[in-house]
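Q: build me a structure from this.
(2 chains)
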Amino acid sequence: MNLVDYVEAQHERHDLPELRTGQTVRVYNRIIEGVKERVQVYEGTVLRVAGEGLKKTFTVRKLSHSVGVERIFPLHSPRLLKIEVMHQGYVRQARIYFLRDRVGKKAKLRRIDQR
Amino acid sequence: MSIGLFGRKVGMTQIFGPEGDRIPVTVVDAGPCTVVRVKTEDGVDGYNAIVVGYGDVKPKHVNKPKAGFFAKQGVEAKAHLREARLEAGDVALMEVGQEINVNLFSLGGFIDVIGTSIGRGFTGVIKRHNFNAPKATHGTHEKFRHGGSLGQNTTPGRVLKGKKMAGHYGNSRVTVQNLQVVGIEPEKNLLLIKGSVPGPNGRLIWMQKAVKG
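A: Predicted coordinates for the structure are as follows:
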């Protein structure tokens, strides 16, 4: 085994669900403010999953007060408490950037379990 | 110069710190090295040092002068040798054949890394000296990556010494000081160094305790 893979394997998390583009996810993110720690819940659509191994990240887009917000989370970060997959949207691309240009009802993905 | 260790750069990745912060690390396959020779002030050499050897080499690839040297010391032939000057007290603890491994360094300690940078061949001034590229539009023709003027006219009438020009770049000795050790695993001869280290993956590097640490 390559030593780099060996190092990465030590830090990888296996308790999180497999993420895919188009999923609606709820990310429980631990935020440290000075000495206090709280959990922020961030819910949105997975735009893309990038990188491999320990460097894997995913981008989540949501609308906050009708302003689009995108956050990139490192998948293996110890700051992530948990990730809940709400449902899977029907997508054909690995990177659904076209959602950025869409507003209102058109910005919704067809849910795969409702077909 | 202080006692050090040979190793090979394996590659880079990132690990997570206790707060979830991402730390860029270089993975190094470090040592183990052997003390091939001990030089003392009182002996023929007149100064205190050890010679560190690293890497296996086939006997047929060792030339006769080298083979004679290794035979005289009574150690197996090594591919790479390097001398490290030591204090008299430290040299007394060393003996030929002794192994040096990653336990030389401590977790959280600082080290200097000496290596050979990636060779880039004959390189233009933009890559080699970070010149700005001239404008590609507004009438420029046939001079898209040139360095501009080399100097003045009749006075001084020559190009000043040290003028930055195109030429061979990289493949030179580079020292990076004060890199932190963020991981050690003696069983695997593994060393994690925060930040980057000179050279491509697989290149030989030399690590020693930080001079300014």
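Q: return the residues of chain B in contact with chain A.
A: B:10-16, B:18-20, B:22, B:25, B:27, B:29, B:183, B:188, B:190, B:192 (CB under 8 Å from any CB of the partner chain). For the C-beta atoms, the positions are set from N, CA and C on the backbone; glycine is no exception.
Q: can you flag the buried ones in the residues you listed?
A: Applying 16 or more other CB atoms under 10 Å in any protein chain shown to the residues of chain B next to chain A, the neighbour count classes B:10-11, B:13-16, B:20, B:25, B:27, B:29, B:183, B:190, B:192 as buried.
Q: out of these, who's nearest residue B:118?
A: The nearest member of these to residue B:118, counting by CB to CB, is residue B:11 at 13.5 Å.
Q: enumerate the positions of the helix or strand of chain B with the lowest mean pLDDT that are buried.
A: The helix or strand of chain B with the lowest confidence, counting by mean pLDDT, DSSP states H and E, is helix B:88-92 at a mean of 74. For helix B:88-92, the neighbour count (16+ other CB under 10 Å) marks residue B:91 as buried.
Q: stretch B:29-49 now?
A: By 16+ other CB under 10 Å, the buried positions in stretch B:29-49 come out as B:29-40, B:48-49.
Q: how many neighbours does residue B:207 have?
A: Residues lying near residue B:207 (other CB atoms under 10 Å in any protein chain shown) number 25.
Q: element containing it?
A: strand B:204-209 (DSSP states H and E).
Q: which helices and strands does that strand pack with?
A: Judged by 3 or more CB pairs under 8 Å, 6 or more residues apart in numbering or on different chains; DSSP states H and E, strand B:204-209 is in contact with strand B:4-16, strand B:22-30, strand B:78-85, strand B:110-116.
Q: what about it, average pLDDT?
A: The pLDDT scores in strand B:204-209 average 91.
Q: listing partners with orientation, what would you give for that strand?
A: Its sheet considered, strand B:204-209 pairs with strand B:4-16 (antiparallel), strand B:110-116 (antiparallel) by DSSP bridges.
Q: tell me the mean pLDDT for the longest one?
A: Along strand B:4-16, the predicted confidence averages to a pLDDT of 90.
Q: identify the residue spatially nearest to the residue of chain A found nearest chain B, adjacent ones excluded.
A: Residue nearest to chain B within chain A (CB to the nearest CB): residue A:79, separated by 3.5 Å. Nearest residue to residue A:79, sequence neighbours excluded (CB to CB, 6 or more residues apart in numbering or on different chains): residue B:20, at 3.5 Å.
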